[in-house]
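Colleague: No letters, just coordinates:
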Ligand code: NAP
């Protein structure tokens, strides 16, 4: 049976460090890390995610504010709020919770966020830095969290074959680029990919983010591989499951993340890590975490 990668434990350890560093920063410079979330419409999942992000930011001693807008909000109103937050000296990290209502173009609004405060790493400048392998940007929190979980299993990544299933802007694409930066050999699959089971078997590390319950079966997985399941799917019964069929995967994988309790907690912890780094940069202090 495979080792279960405990995302909650890894996230708690990271958050302890963030809490201590946030206190040090405030003592030394008077700067309290500030995090703002923009949410448009009444998507219940978005509401829950922002609430979790906010409560955890507050637990770490950050200043947190949520700005909620009705679904019919005119573009200018949202633009004006982003500009205001960009200029605020109390706010160091800004996220725009996705999805946005259909009439609002996410790319337009994401590109208005000051790249120095774009802790979700979705501004074209930050996405471009990752593409070019440059440091000094922000990397989307889910891929960053996945890498931290992978590192609990692999101290040496160079040359390993990493398969990423799902190529979304938020998860799959930055994930593939981040693993390429670790000198892995990377493939990236999507809904048109042929022979996915055969491809999956080549992966020493398989990362899945597609939003399809229990889609990846155990016998697709290379024996001993590390499996990172990003998916969060609610079944009609109310049960939350991942994109990987956990029970069959467990008999093949060397290590695997559970859902819930795997990638989810690390996503939030990594977002809070990015926010703290943004505050350190604002204070012109070296950020001590990797
Ligand atoms: P998304 O934007 O809907 O993208 C899904 C990706 O999966 C697309 O690239 C799509 O391919 C691909 N795909 C769909 N069906 C496929 C199939 N049968 N075979 C291969 N590829 C397939 O989703 P997302 O935002 O990346 O999220 C994916 C999942 O992760 C969701 O369950 C979401 O809730 C979860 N998630 C979890 C966290 C966390 O913190 N744990 C964070 C973010 C997302 P095409 O491009 O060809 O359409």
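Modeller: Yep, it's here. Predicted model, so just to flag it, every value in this text is computed and none were measured.

Colleague: So in the chain, which helix runs the longest?
Modeller: Across the chain, the longest stretch assigned as helix under DSSP state H is helix 7-29.

Colleague: what's in contact with the next helix-or-strand element following it?
Modeller: For helix 7-29, the following helix or strand on the C-terminal side (DSSP states H and E) is strand 34-40. With contact meaning Cβ atoms under 8 Å, 6 or more residues apart in numbering, strand 34-40 is reached by 46-47, 50, 53-54, 57, 62-71, 73, 78, 81-82, 85, 88, 90-97, 100-101, 104, 119, 272, 275, 279. C-beta coordinates here come from the backbone N, C-alpha and C atoms, glycine included.

Colleague: circling back to that earlier point, only the buried residues of the longest helix of the chain, if you could.
Modeller: 7, 10-11, 14-15, 18-19, 21-22, 25-26 (16 or more other Cβ atoms under 10 Å).

Colleague: Can you tell me which of the residues you listed is closest to the ligand?
Modeller: Each of those was checked against the ligand using Cβ to the nearest ligand atom; the closest is residue 7, at 8.6 Å.

Colleague: In strands, which of the contacts of strand 34-40 appear?
Modeller: Among those, the ones falling in strands (DSSP state E) are 63-69, 93-96.

Colleague: returning to that earlier point: of the contacts of strand 34-40, select the buried ones using a PyMOL command.
Modeller: Entered in PyMOL, the line below selects the buried ones among the contacts of strand 34-40, by 16+ other Cβ under 10 Å:
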select buried, resi 46+50+53+54+57+62+64+65+67+69+73+78+81+82+85+91+92+93+94+95+96+97+100+104+119+272+275+279
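
Colleague: Can you tell me which residues in this protein are near the ligand?
Modeller: Neighbours of the ligand within the chain, by Cβ under 6 Å from any ligand atom: 142, 165-168, 170-172, 189-193, 196, 209-212, 215, 230-233, 263-264, 267.

Colleague: Grab the most central residue of this structure for me.
Modeller: residue 142 (1.7 Å; Cα atoms, centre = their mean).

Colleague: Surely that one and residue 229 touch.
Modeller: No - contact between residue 142 and residue 229 fails when scored by Cβ atoms under 8 Å: they sit 11.8 Å apart.

Colleague: Please, where are all the strands along the stretch 101-250 of the chain?
Modeller: For the stretch 101-250 of the chain, the strands defined by DSSP state E, counting those that start in this stretch occupy 161-165, 185-189, 205-208, 226-229, 233-234, 240-241.

Colleague: In JSON lines, list the ones you listed along with mean neighbour count and mean pLDDT.
Modeller: Output for the strands of the stretch 101-250 of the chain, formatted as JSON lines (neighbours: other Cβ atoms under 10 Å; pLDDT from 0 to 100):
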{"stretch": "strand 161-165", "mean neighbour count": "26", "mean pLDDT": "99"}
{"stretch": "strand 185-189", "mean neighbour count": "18", "mean pLDDT": "98"}
{"stretch": "strand 205-208", "mean neighbour count": "28", "mean pLDDT": "99"}
{"stretch": "strand 226-229", "mean neighbour count": "28", "mean pLDDT": "98"}
{"stretch": "strand 233-234", "mean neighbour count": "14", "mean pLDDT": "96"}
{"stretch": "strand 240-241", "mean neighbour count": "16", "mean pLDDT": "97"}
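
Colleague: how about these, which one is nearest residue 30?
Modeller: Taking Cβ to Cβ, strand 226-229 is the member of the strands of the stretch 101-250 of the chain nearest to residue 30, at 39.1 Å.

Colleague: List only those of the residues of the chain next to the ligand flagged as buried.
Modeller: Among these, those buried by neighbour count (16+ other Cβ under 10 Å) are 142, 165-168, 170-172, 189, 196, 209-210, 215, 230-233, 263-264, 267.

Colleague: Helices - which of these land there?
Modeller: Going by DSSP H, the helices hold 142, 172, 196, 263-264, 267 from these.

Colleague: Could I get these in CSV, plus columns for pLDDT and distance to residue 219?
Modeller: Below are these laid out as CSV (pLDDT from 0 to 100; distance: Cβ to Cβ, whole Å):
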residue, pLDDT, distance to residue 219
142, 98, 27
172, 98, 23
196, 98, 13
263, 98, 23
264, 96, 26
267, 97, 29
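
Colleague: ok, of the residues you listed, which one's closest to residue 123?
Modeller: Nearest to residue 123 among those, counting by Cβ to Cβ, is residue 142 at 16.2 Å.
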